[in-house]
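[1] Show me the folded form of this:
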Amino acid sequence: MKRARQTAEIVAQNHPNAKFLEIEDLAEISWGDWDGHRVPALNSLLKSWANGDFEAKSPNGESPVEVERRAVPALYDILQRPEQTFLIVVHGRLLRILLSSIVYRSLDHMQKFTHHNTCVNVVDAIIETDASKLNVDENREEQNQLAERLLQEAEQRGNRRADDNVVDADEEGG
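    Numbers count the residues shown, from 1 in each chain. A predicted model of the protein is given here:
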C-alpha cells in the first residue's frame, strides 16, 4: 500500500480540499514471500488464474478470491459515502480484481483488464437499490460484449498486462 499511498499524497497536494482516506481493505494483493522479488513461478500462478483457479496464490500470499472478499465490499462502502466524486488509488492486480468483479461479477475476466502505471480509469456508477430494476440476467450478454470490446480496444492501444510488485524473471531477461 506504500506506493499507492505515495501516489495519492501527490494527488492530494493538488487537491487540498479533497478528503484523504486510507482504506486497508483496498490494499494490493499480498504476494507473501514473493513480494518485491523476481519470481520465475509468477507465470505459472498467472496461468492458474487464467485457467480459472482463483484460489491459487503465492506462498504466504493472498488469492484473488481472498482479495475480492475484502476489497469489493470496501469499494461498495465508498460508494455509500455522501461525496459524488472519488479518486481511488490502487495497484494493478487489485484493479483487475475490482474491475472484473464489478463489470462481470466474476473473476474470469481479470486478466483482460490492462493498464499502465499511473493510468486513470474512469468508472461511472449508478447505485440502484431496487433489485427489481436491475435486470441483471437480461442485460448480461450485452454488458459482456461491451466490456469485451472496450478491453480489446485498450489492448490494441498497447496497454500491458504485468503486475507491479512481482517481476517475472523471464520478462526481465533473467
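[2] where does the chain have low pLDDT?
    By pLDDT under 70, the low-scoring segments of the chain are 1, 125-174.
[3] Need the residues that contact stretch 16-33.
    Stretch 16-33 is touched from outside by 1, 4-5, 8-9, 12, 57-62, 64, 67, 70-71, 73-75, 78, 83, 87-88, 90-94, 97, 164-166, with contacts defined as C-beta atoms under 8 Å, 6 or more residues apart in numbering. C-beta here means a position set from N, CA and C on the backbone, and glycine is covered the same way.
[4] Buried among those residues? Make that a PyMOL selection.
    For selection in PyMOL, the members of the contacts of stretch 16-33 meeting the burial criterion (16 or more other C-beta atoms under 10 Å) are listed in this command:
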select buried, resi 1+4+8+57+58+61+62+64+67+71+75+88+90+91+92+93+94+97+164+165+166
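[5] where's stretch 101-111 relative to the chain centroid, distance-wise?
    How far stretch 101-111 lies from its chain's middle: 10 Å, per C-alpha atoms, centre = their mean, to the nearest Å.
[6] Any buried residues in it, and which?
    Buried-residue list, stretch 101-111, by 16+ other C-beta under 10 Å: 101, 103, 104, 107, 109, 110.
[7] Out of the residues you listed, flag the one nearest to residue 122.
    residue 103 (13.2 Å; C-beta to C-beta).
[8] so which helix or strand takes in that closest one?
    helix 92-104 (DSSP states H and E).
[9] Output that helix in CSV, but only the C-alpha positions, please.
    Coordinates of each C-alpha in helix 92-104 appear next as CSV, following Å, rounded to 0.1, in the frame of the first residue of the first chain:
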residue,chain,number,x,y,z
GLY,A,92,-2.6,-3.4,-10.8
ARG,A,93,-3.8,-6.8,-9.6
LEU,A,94,-6.3,-5.2,-7.2
LEU,A,95,-7.5,-3.0,-10.0
ARG,A,96,-8.0,-6.1,-12.2
ILE,A,97,-9.9,-7.9,-9.5
LEU,A,98,-12.1,-5.0,-8.7
LEU,A,99,-13.0,-4.2,-12.4
SER,A,100,-13.6,-7.9,-13.2
SER,A,101,-15.8,-8.2,-10.1
ILE,A,102,-17.9,-5.1,-10.7
VAL,A,103,-18.1,-5.3,-14.5
TYR,A,104,-18.6,-9.0,-14.9
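[10] helices or strands up against it?
    With contacts defined as 3 or more C-beta pairs under 8 Å, 6 or more residues apart in numbering; DSSP states H and E, the packing partners of helix 92-104 are helix 64-79, helix 136-156.
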